[in-house]
Each structure stands twice: as C-alpha cells, then as structure tokens.
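Trainee: turn this into a model:
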Amino acid sequence: MTDVDGRLEATEVAEHSLLPVPEGARTSTAAHQFWIWTGANVAPINWVLGALGIHLGLSLWQTVAVLVVGNVIGMAVFGLFVLMGQGTGVSQMVLSRAAFGRRGAYLPAVLQGLLAAGWCAVNTWIILDLVVALFGRLGYQGGTGFKILVAAVIMGAQVWIAAVGFRAIARFERWTVPVTLVVLAAMTVIAWSSTGVHWGYAGKGLQGAELWSALSTVMTAIGIGWGITWFAYASDYSRFVPPSMPRRKLYLASVLGQFVPTVWLGVFGATLATVSQAVDPGELVVQAFGALAIPVILLVLHGPIATNILNIYSCGLCAQTVDWQVDRRRLSYGVGVAAFAFTVFLIMQSNFAEALDGWLAGLVTWVAPWAAIMLIHYYWRARRRVDVEALFDPPGRGRIPDVSWPALVAFVLGMVATWSCEYGIPTFLQGPVAVAAGGVDMSWLAGSVAAAVAYLTLLRVRRSAPTPDDVPEVA
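Mentor: Below is the predicted model of the structure:
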C-alpha cells in the first residue's frame, strides 16, 4: 500500500467512525475550506434572509447595515470554532465532551442534530419553491402532491452525496462553487441594471421602539444569528486541515468563505424585495428575471444542495456523538427521512416568512449559550490543550467526567436568558424582557453573557468547595 493510499484509508475510517483524523490524513487546504463555506452560503436562502428585512419594514440601507455589521461579528467568532477543529482533529460535538462531560454532551449533540435536520428541510423547501416557480413559468401549476414528489427526489440526491463523505463534499464544492458564483454575478448585474431596484427604498418609516425592535429582530435572525448557527458545524470540516497550516490562513479562508456570499446574497435579496416586496424566493426570482429565470434557477439549484450536504453530514456525526453505534452512511439516510417530513410540514405553511424567522430566531436559544461555554472552556480553561484520546473513552469509565454540571447548568440558564430577551415574529418566541423593552431583541447577547457568567461562577464555586479531606472532624 502506498503512502497516499494509507492516508486516504485513514481519512475514510476517521470520517465514518467519528475517530480523530490522524495528522497524516489531514489533507484539506485553505482553498477547500473557503469553497466549502462559500458553497454552503451561495444559496437562495440568503435571498430570503435579505428580503425579510424589507418585509419587517426596514429601509434598504438599514437592512444592508444589519447584514454587514451582524455578519462581521458573527463570522469573526465563527473562525474561532474553525480553529478548534484544526487543533484537535475531532468534530464539534465530540469536542463538546471536554466541556459538558462524556454523557453531558448528549444534550447539545441532540439539539445540533435537530438543527441540522431542520436546516436541511428549510433549504429543501427553498429548492422546491424555485422548481415549482420554474414549472409555473412553463405553464404547469403543480399541486401539493407534485411539491412533495419533487421534494422527495431532491432529498434523495442530497442524502446520496452526503453519505459518500468529506472528500466528495470538498470535491463537489471546489468544482461547482466557482461556476455558481459567475452565474450569481451575472444575475446581480442584470437585477441591479434592469429590474428597477429602489435604491432609496425607505421601508415603512419605522421610528423609535418599532425601529429598534425591527433592527434587533433582523440582527438576531439574519445578522449575528446567522453566523451563530454555523458555530456548531465548524470543526466537522476543519478537523481535516493539517496542524502545519498557519492558523491565520485557515481563519481568514473560512471567515471570508462565510461572509462574502452571505452578505452578497442578502443584499441581493433585499434589493429584489424593494421591487416586489415579496419574501417567497420563487416569486423574487421570477418577478425579477422573467424568462431568464429558467436558466438562472437551474444553475443556482446547486447552492441549497451544497448547504444540505453539510447539514446531513453533520447531523450524522451528532447521532454518533450520542453513542449510536450505526454507520454514518446509514445515519445520513435516516436524517434524510426526518428532514423530508419537516419539509412536508413547511409545504403546508401559508406564511413562510414567519415560519422561517421563527426557526432562525429559535436556533439562537441554544447555540449562543453553548458557544459561550465552549469558547471559555477551549480558549481560557484548557488553553487550547485538549486530551483528545480521553474524549473517546467509554461512558462512565473515562478520564473526563460523565456529566459536567457547571456547563449543563450554565447552558440551561443561558437558554432561559436567551428566550427571555428574544422577540421573534411568532408570539411564543417573544420573551417577557423583550416585550417589556418594546420588542428589542438582544437574545444572542443575553444568552451568551448569562451562560458565560454562570459557567465561570460555578467553576469558581466548585474549585473552592471543601473536599472530604478538608472537613475537620467533629469531636
């Protein structure tokens, strides 16, 4: 067996069995990482995200400002999670065991699995909507049964690619994303030069509390909140990066791969929405491009599929993290079935914009406090030195605690704080603090700070608590 064959075999075993990726098998480049994260965000979902700002009554430039500022902050922190994968060679949820404990990490792993499966469904709905819009342009108005059939076909294709593994994902993104970017550049030029974009669109003239409520809600859902949703995926792909790669190079490649397409397409969707005031992605494209929508839609279908490949792959890793002894390929098939069921649910929703905002805003409830705890543990408490082998010890008999109560308690308190300060479109996501503040949504900040303060406090209390040897004997 040649050295190359050995490296490929080691990579194959590691990615399908959840084992750490050996240094000799880490062959991913900065370009791989850039194209993976770019491909994940070159998707019509970001048109919708930009259009949501207009839908909520903001002006075009207010929406653009939220997108830029929010994603600068969110993606800058995202890069720190990318570096965790390079430093340890393990997936993000396995790394959670260091902070939450061997079994304590089950909770964030389950939540992340649900998040990934849900995103897969949302993105599949976006593809479905574009396909239905295309057939409508050709004169065929398919009913609900037709939509479900198309969704099943699309989901099957996504699951098959994800089941193959990381090397197939990297190759797919590397060769298809550049072509898609060229198409999107042409779309942008056409849209901004011939569709009558209202560059001075003033929105609904929101002022005072209403304005701050809309700004903060969009910031949570599509600004900082968008970056936060990717934290739990980061190490799943950067674990294939060799330790010899300069950390700054990897950081910039990953952050720019996220930031550029997210902001670009968010602004693109916002400008289209000033013409039609539509949030539905199919309506946005068809109204903006007319007959040109047919070749454009066919080419940009790549984006959501590329995103869902990551969702399905990461969801399978989460299932393995909770000690399901099932091959990752089979787990991918199960994820596809669950995501398809949620896709059908979205098909039945009459107000997609509201359903999407509720989903996005709800994600921050757990991701923000989890992220705060992980950052503190990895960069402050562990000083980037994690006993990787101990992460794979059997439950209950390992070198790390079975459950780390400081992390779990802080996690729950952070989730409560997040919800209390959240002001989503659905009423169940409107917490009492946000309501009292006139609808201002600072959930991501409240959850992060609450979890961080609680975690640090509980760690200090545990260190200062007397041990049995310290307690004096009573005469």
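Trainee: please, where are all the helices along the stretch 101-250 of the chain?
Mentor: Using DSSP state H, counting those that start in this stretch, the helices of the stretch 101-250 of the chain run over residues 106-137, 144-164, 166-194, 208-218, 224-229, 234-238, 247-276.
Trainee: who are the packing partners of the second one?
Mentor: Same thing as helix 144-164. Secondary structure elements in contact with helix 144-164, counted by 3 or more CB pairs under 8 Å, 6 or more residues apart in numbering; DSSP states H and E, are helix 106-137, helix 166-194, helix 302-321, helix 328-347. C-beta coordinates here come from the backbone N, C-alpha and C atoms, glycine included.
Trainee: mind listing the helices in the stretch 351-475 of the chain by residue range?
Mentor: Using DSSP H, counting those that start in this stretch, helices in the stretch 351-475 of the chain cover 352-375, 405-420, 432-436, 443-464.
Trainee: quick one: mean pLDDT for the first one?
Mentor: The predicted model gives helix 352-375 an average pLDDT of 76.
Trainee: try the shortest one
Mentor: In this model, helix 432-436 has an average pLDDT of 91.
Trainee: now swap in stretch 450-459 and tell me
Mentor: pLDDT averaged over stretch 450-459 gives 96.
Trainee: who wins for proximity to Val337 among the helices of the stretch 101-250 of the chain?
Mentor: Closest to Val337 of those, according to CB to CB: helix 144-164, at 8.5 Å.
Trainee: residues making contact with that closest one?
Mentor: Contact with helix 144-164 is made by 120, 124-125, 127-128, 131-132, 135, 142, 168-169, 172, 305, 308-313, 316, 328-329, 332-333, 335-336, 339-340, 343-344, 347-348, as judged by CB atoms under 8 Å, 6 or more residues apart in numbering.
Trainee: what's the PyMOL syntax to select whichever of the residues you listed are buried?
Mentor: Only the buried entries of those go into this PyMOL selection, using 16 or more other CB atoms under 10 Å:
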select buried, resi 120+124+125+127+128+131+132+169+172+305+308+309+310+311+312+313+316+328+332+333+335+336+339+340+343+344+347
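Trainee: hmm, back to that, tell me which of the helices of the stretch 101-250 of the chain sits most buried.
Mentor: Among the helices of the stretch 101-250 of the chain, helix 234-238 has the highest mean neighbour count (mean count of other CB atoms under 10 Å), at a mean of 27.
Trainee: now it, how far from the centre of its chain.
Mentor: Computed by CA atoms, centre = their mean, to the nearest Å, the chain-centroid distance of helix 234-238 equals 12 Å.
Trainee: count of neighbours near the closest residue to Gln320 other than its chain neighbours?
Mentor: Among residues not flanking Gln320 along the chain, Leu18 sits closest, at 4.4 Å (CB to CB, 6 or more residues apart in numbering). Look at Leu18: counted by other CB atoms under 10 Å, it has 19 neighbours.
Trainee: using PDB, list the CA coordinates for the strand or helix carrying Met93.
Mentor: According to DSSP states H and E, Met93 maps onto helix 92-100. C-alpha atoms of helix 92-100 as PDB (Å, rounded to 0.1, in the frame of the first residue of the first chain):
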ATOM      1  CA  GLN A  92     -17.600  19.900  17.100                       C
ATOM      2  CA  MET A  93     -20.000  17.900  19.100                       C
ATOM      3  CA  VAL A  94     -17.300  15.400  20.200                       C
ATOM      4  CA  LEU A  95     -15.200  18.400  21.300                       C
ATOM      5  CA  SER A  96     -18.200  19.400  23.400                       C
ATOM      6  CA  ARG A  97     -17.500  16.400  25.700                       C
ATOM      7  CA  ALA A  98     -14.500  18.300  27.000                       C
ATOM      8  CA  ALA A  99     -16.700  21.000  28.500                       C
ATOM      9  CA  PHE A 100     -20.000  19.200  29.100                       C
END
